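A structural model of the following input is requested.
(chains A and B)
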Amino acid sequence: DAGVTQSPTHLIKTRGQQVTLRCSPISGHKSVSWYQQVLGQGPQFIFQYYEKEERGRGNFPDRFSARQFPNYSSELNVNALLLGDSALYLCASSLALGQGAHSPLHFGNGTRLTVT
Amino acid sequence: SQKIEQNSEALNIQEGKTATLTCNYTNYSPAYLQWYRQDPGRGPVFLLLIRENEKEKRKERLKVTFDTTLKQSLFHITASQPADSATYLCALYSSASKIIFGSGTRLSIRP
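Residues are numbered from 1 along each chain as shown, chains lettered A, B, ... in the order given. You can find the predicted model right below:
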């Protein structure tokens, strides 16, 4: 079975631009969550979606938005990019709600975003 | 404020020894705690989950303990191997269903 897939793997953008990152969950998983990981730190929660509805949001500005599609894939959008948005963006899927409280998170290998 | 702390320094262990990693937290009452392994350039991989009413969990060479009085979890790898070298992350789940990750501990196993 395919794991969580993310695209693109690497991306270079300039300040002020907008970016869209994509994620396909494991087949049968209805929950998708997004994380930002800065070098040397653990992943920081951005959003969770379950059954196409936003179920949780971390402490990120409104420049960050996301959505989940009927096939449970998801997109993360970031507007007006800042240098500080440079990070590894991780997507994770799980069977249930609660960010893996009842089932573990399955992560993709992330999208490395560099903002210049 | 709420904090999660893992061993700030990298851990260097000789092959065959037991590696012990620490996860301390303050101002949380986590219902669950998980440990993940992360290799460079890859996403984290789930290893073990332990609930607040469980003291210990084992899986092959891995063992996790959870002490809600000390607000601490210990992660042990017995008979360590160079292939165990990676960054290990602990993650807490509070009753608010939010997940918080620690910053991770880099473990190196030397032959």
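
could you list the buried residues of stretch A:44-54?
A:44, A:45, A:46, A:47, A:48, A:49, A:50 (16 or more other CB atoms under 10 Å in any protein chain shown). C-betas here are computed from N, CA, C, even on glycine.

quick one: it near chain B?
Yes. Judged by CB under 8 Å from any CB of the partner chain, stretch A:44-54 and chain B are in contact via A:44, A:45.

spatially nearest residue to residue B:16 (excluding sequence neighbours)?
residue B:79 (6.1 Å; CB to CB, 6 or more residues apart in numbering or on different chains).

what does residue B:36 give?
residue B:44 (3.8 Å).

can I assume that neighbour is in contact with residue A:110?
No. Here residue B:44 lies out of contact with residue A:110, judged by CB atoms under 8 Å, at a distance of 9.7 Å.

which one of those two is surrounded by more residues?
residue B:44 (29 against 25; other CB atoms under 10 Å in any protein chain shown).

what pairs with the worst-scoring helix or strand of chain B on mean pLDDT, parallel or antiparallel?
Among the helical and strand segments of chain B, the one scoring lowest on mean pLDDT, DSSP states H and E is strand B:99-101, with a mean of 86. Applying DSSP bridges to the sheet, strand B:99-101 is found paired with strand B:86-93 (antiparallel).

how far out from the middle of the chain is the partner strand?
Chain-centre distance of strand B:86-93: 5 Å, with CA atoms, centre = their mean, to the nearest Å.

swap in stretch B:66-85?
Distance, centroid of stretch B:66-85 to centroid of chain: 6 Å (CA atoms, centre = their mean).

can you tell me the closest non-neighbouring residue to residue A:38?
Nearest to residue A:38 is residue A:87, by CB to CB, 6+ apart, at 4.9 Å.

let me fix that, I meant to ask about residue A:34.
residue A:46 (4.3 Å).
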